[in-house]
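> here's my sequence, what's the structure:
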Amino acid sequence: MQISQASLTHLEALCELENAIFDAQSFPLSKRNFIYHLKKGNIFVAQEQTQLVGYILIFSYKKSLRIYSLAVDERFRGQNIGMQLIEYVKDLANAAHKRKLTLEVKTSNKNAIRFYEKFGFKIMKILKEYYPSEDGYKMGLECWV
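Prediction:
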């Protein structure tokens, strides 16, 4: 598997993956959103051969990186693709001298919370009514810079 910065050539595959993974309640990214973030260089893709199997969307701030979205094709789950995408972003954070990685997650998404905790992410605060019908957690991971 290879991870690289996404380009406009990945647009259709990103949209297909997004629509397969996220329902309307999860606010899937639109084609327009993807184009914007592709042009900004915020998306990194995981590929097996030429097939897109996952992506991660990040935002860069002065002292931190924020993971906005992470998706892995259901047919490729259990193959550590999500783990490798997180490790890739951790390396980016360290190379850019960022102090922290952050993200938000629904309080009901126990699988995702456990996944992030494996990397050392900790719940920093509860975000009341962050999602339409539930609270969220802001989670963070200190980087080693």
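> C-alpha from now on. contacts and neighbour counts both.
Fine.
> longest helix anywhere in this structure?
helix 81-95 (DSSP state H).
> ok, for Leu57, nearest residue in space, not its chain neighbours?
Take Leu57 and drop its neighbours on the chain: the residue closest to it by CA to CA, 6 or more residues apart in numbering is Ile43, 4.5 Å away.
> quick one, what contacts the one you found?
Gln5, Ala6, His37, Tyr55, Ile56, Leu57, Ile58 (CA atoms under 8 Å, 6 or more residues apart in numbering).
> tell me what the first one is bridged to.
Per DSSP bridges, the residues bridged to Gln5 are Phe44.
> and the pLDDT at it?
Looking at Gln5, its pLDDT stands at 96.
> list the contacts of it.
Gly41, Asn42, Ile43, Phe44, Val45.
> same question for the third one.
His37 makes contacts with Ile43, Leu57, as judged by CA under 8 Å, 6+ apart.
> okay, and it sits in which element?
Element membership for His37 (DSSP states H and E) is helix 31-40.
> just the fifth one next, same as before
With elements taken from DSSP H and E, the one containing Ile56 is strand 51-60.
> what's the angle from that strand to helix 81-95?
When axes from the mean of the first three to the mean of the last three CA atoms, to 10 degrees is applied, the directions of strand 51-60 and helix 81-95 differ by 40 degrees.
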